[in-house]
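> okay, sequence plus prediction incoming.
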Amino acid sequence: AAPLRKRLYWLPPGQAAACATDLGPAAWVLELRRKRWVPCCWRDGPDAVERPARTALDATDDPKRPLADFGGDNAATVKRSLCKTPWVELLAWASEAPPPPVD
(Lines give C-alpha, C1' and ligand atoms only; values in the text may rest on other atoms or scores of the structure.)
Protein backbone atom coordinates (compact mmCIF):
# COMPACT_ATOMS: atom_id res chain seq x y z
CA ALA A 1 0.00 0.00 0.00
CA ALA A 2 1.16 3.51 -0.74
CA PRO A 3 1.92 5.69 2.28
CA LEU A 4 -0.74 8.27 3.10
CA ARG A 5 1.62 10.64 4.93
CA LYS A 6 5.00 12.22 4.16
CA ARG A 7 7.67 11.44 6.72
CA LEU A 8 11.24 12.57 7.14
CA TYR A 9 13.64 10.00 8.62
CA TRP A 10 16.96 11.32 9.90
CA LEU A 11 19.82 10.45 12.21
CA PRO A 12 20.19 13.16 14.85
CA PRO A 13 23.72 13.71 16.12
CA GLY A 14 24.50 12.00 19.40
CA GLN A 15 21.62 9.51 19.22
CA ALA A 16 21.82 5.83 18.43
CA ALA A 17 18.52 5.58 16.55
CA ALA A 18 16.78 7.35 13.71
CA CYS A 19 13.95 9.84 14.24
CA ALA A 20 10.84 10.19 12.12
CA THR A 21 9.08 13.52 11.60
CA ASP A 22 5.58 13.72 10.10
CA LEU A 23 5.39 16.26 7.24
CA GLY A 24 1.64 16.00 6.55
CA PRO A 25 -0.38 14.18 3.89
CA ALA A 26 1.41 12.67 0.91
CA ALA A 27 1.37 14.61 -2.38
CA TRP A 28 -0.91 12.09 -4.09
CA VAL A 29 -3.47 12.41 -1.28
CA LEU A 30 -3.45 16.21 -1.64
CA GLU A 31 -3.96 15.76 -5.38
CA LEU A 32 -6.98 13.49 -4.75
CA ARG A 33 -8.37 16.10 -2.36
CA ARG A 34 -8.00 18.86 -4.97
CA LYS A 35 -9.25 17.11 -8.14
CA ARG A 36 -12.78 16.29 -9.24
CA TRP A 37 -12.91 12.49 -9.35
CA VAL A 38 -15.88 11.31 -7.26
CA PRO A 39 -18.83 10.17 -9.41
CA CYS A 40 -21.97 11.60 -7.82
CA CYS A 41 -25.54 12.57 -8.55
CA TRP A 42 -27.63 15.46 -7.36
CA ARG A 43 -30.72 14.31 -5.54
CA ASP A 44 -32.98 16.07 -8.04
CA GLY A 45 -30.70 16.63 -10.98
CA PRO A 46 -28.01 15.31 -13.33
CA ASP A 47 -24.94 13.21 -12.61
CA ALA A 48 -21.64 14.98 -11.98
CA VAL A 49 -18.03 14.49 -10.96
CA GLU A 50 -16.98 16.46 -7.88
CA ARG A 51 -14.21 16.88 -5.31
CA PRO A 52 -14.55 14.91 -2.07
CA ALA A 53 -15.01 18.12 -0.05
CA ARG A 54 -18.17 18.92 -2.05
CA THR A 55 -19.63 15.41 -1.95
CA ALA A 56 -21.68 13.60 0.68
CA LEU A 57 -20.98 9.91 1.24
CA ASP A 58 -24.22 9.14 3.03
CA ALA A 59 -27.80 10.00 2.06
CA THR A 60 -28.41 11.31 5.58
CA ASP A 61 -25.74 14.01 5.13
CA ASP A 62 -26.55 17.51 3.96
CA PRO A 63 -29.28 17.30 1.26
CA LYS A 64 -27.78 20.34 -0.52
CA ARG A 65 -24.75 18.28 -1.60
CA PRO A 66 -24.44 15.73 -4.38
CA LEU A 67 -24.36 12.14 -3.17
CA ALA A 68 -21.36 9.95 -4.08
CA ASP A 69 -22.45 7.23 -6.49
CA PHE A 70 -19.92 4.42 -6.92
CA GLY A 71 -22.21 2.35 -9.14
CA GLY A 72 -21.69 -1.31 -9.81
CA ASP A 73 -21.34 -4.43 -7.71
CA ASN A 74 -18.58 -3.07 -5.46
CA ALA A 75 -20.23 0.25 -4.56
CA ALA A 76 -20.83 -0.69 -0.92
CA THR A 77 -17.25 -1.91 -0.52
CA VAL A 78 -15.81 1.28 -2.01
CA LYS A 79 -17.93 3.49 0.26
CA ARG A 80 -17.04 1.43 3.34
CA SER A 81 -13.32 1.69 2.64
CA LEU A 82 -13.48 5.46 1.97
CA CYS A 83 -15.46 6.03 5.18
CA LYS A 84 -12.78 4.43 7.34
CA THR A 85 -10.04 6.38 8.98
CA PRO A 86 -7.56 7.73 7.91
CA TRP A 87 -9.32 8.43 4.60
CA VAL A 88 -12.11 10.43 6.20
CA GLU A 89 -9.73 13.03 7.63
CA LEU A 90 -7.41 13.08 4.61
CA LEU A 91 -10.05 13.57 1.93
CA ALA A 92 -12.28 15.85 4.07
CA TRP A 93 -15.63 14.59 2.77
CA ALA A 94 -18.44 17.18 2.73
CA SER A 95 -16.28 19.86 4.37
CA GLU A 96 -16.76 22.74 1.89
CA ALA A 97 -19.81 24.95 2.07
CA PRO A 98 -22.50 23.71 -0.33
CA PRO A 99 -23.17 25.82 -3.42
CA PRO A 100 -25.64 28.66 -2.94
CA PRO A 101 -29.19 28.13 -4.19
CA VAL A 102 -29.98 29.43 -7.65
CA ASP A 103 -32.91 31.80 -7.86
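Looks like it came in fine.
> so what's the residue nearest in space to the middle of the chain up against?
Relative to the mean C-alpha position of the chain, the nearest C-alpha, by Cα atoms, centre = their mean, is the one of residue 91, at 2.1 Å. By Cβ atoms under 8 Å, 6 or more residues apart in numbering, the residues touching residue 91 are 29, 32-33, 52-53, 82. (C-beta placed from N, C-alpha, C; glycine too.)
> ok, now residue 27?
For residue 27, the contacting residues are residue 6, by Cβ under 8 Å, 6+ apart.
> part of a strand, is residue 77?
No. The assignment for residue 77, made by DSSP: H, G, I helix; E, B strand; the rest coil, is helix rather than a strand.
> can you report how many residues lie near it?
Residue 77 sits with 11 neighbouring residues when counted by other Cβ atoms under 10 Å.
> confidence score at it?
On the pLDDT scale, residue 77 is placed at 80.
> residue 11 too?
Confidence per residue is given as pLDDT, and for residue 11 that number is 90.
> alright, I will stop here.
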